[in-house]
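[1] Sequence and predicted structure, then a few things I'm wondering about:
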Amino acid sequence: MPERSSTTTLAKQRTLRQNKALWKFFTLVAETLNDAGLDVRAVLKPEVEIPWSKEMIHDFLWMPIQRIQLGKDSTTKLTTKDIDAIYDTMNRHLAKHGVHEPWPSIETLMNYDELSNK
């Protein structure tokens, strides 16, 4: 059942385009962190040098924020506004490490789709 806000309006589920942007964002953040020399140990675990992947961004950065901030256990349950809220929180955390990755633009997603279909 769709979530309702306090004004009893239905919140829109995140779109397929937002989902594509979400996974592109995970890829871009992983590349940016790796390029900055900030492997997983620099951001999360100091003992082991582990490069980032989009799956790790999802599992160790995005999902913990999502669960704590919104109490939702799946990105399929996110609304369009939820994506913005989690992005803002994650971006503030990454800024502490000198990293900022903008949300993927429509052009970035179109290029990503073209490259994926080759």
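    Great, that's in hand.
[2] What segments of this protein are helices?
    Along the chain, the stretches classed as helices by DSSP state H are 16-35, 40-43, 54-56, 63-70, 80-95, 106-116.
[3] What about residue 43, how many residues nearby?
    Using other CB atoms under 10 Å, residue 43 is surrounded by 17 other residues. From N, CA and C alone the C-beta is placed, and that goes for glycine too.
[4] check contacts around the closest residue in space to it that isn't next to it in sequence.
    Nearest non-adjacent residue to residue 43, counting by CB to CB, 6 or more residues apart in numbering: residue 97, 6.2 Å away. Shown in contact with residue 97 (CB atoms under 8 Å, 6 or more residues apart in numbering): 33, 36, 38, 42, 43.
[5] repeat for residue 62
    22, 26, 75, 86, 90.
[6] How about residue 16?
    Applying CB under 8 Å, 6+ apart to residue 16 gives no contacts.
[7] where does it land on pLDDT?
    Residue 16 is assigned 87 on the pLDDT scale.
[8] ok, now residue 3?
    So, for residue 3, pLDDT stands at 48.
[9] Farthest-apart pair in the contacts of residue 62, please.
    Spatial extent of the contacts of residue 62 (CB to CB) is set by the pair 75 and 90 at 13.0 Å.
[10] so which of the contacts of residue 62 comes closest to residue 54?
    Of the contacts of residue 62, the one sitting nearest to residue 54 (CB to CB) turns out to be residue 26, at 3.9 Å.
[11] what residues are up against that closest one?
    Counting by CB under 8 Å, 6+ apart, residue 26 touches 54, 55, 57, 58, 62.
[12] what do you get for residue 108?
    Neighbours of residue 108 in contact, by CB under 8 Å, 6+ apart: residue 24.
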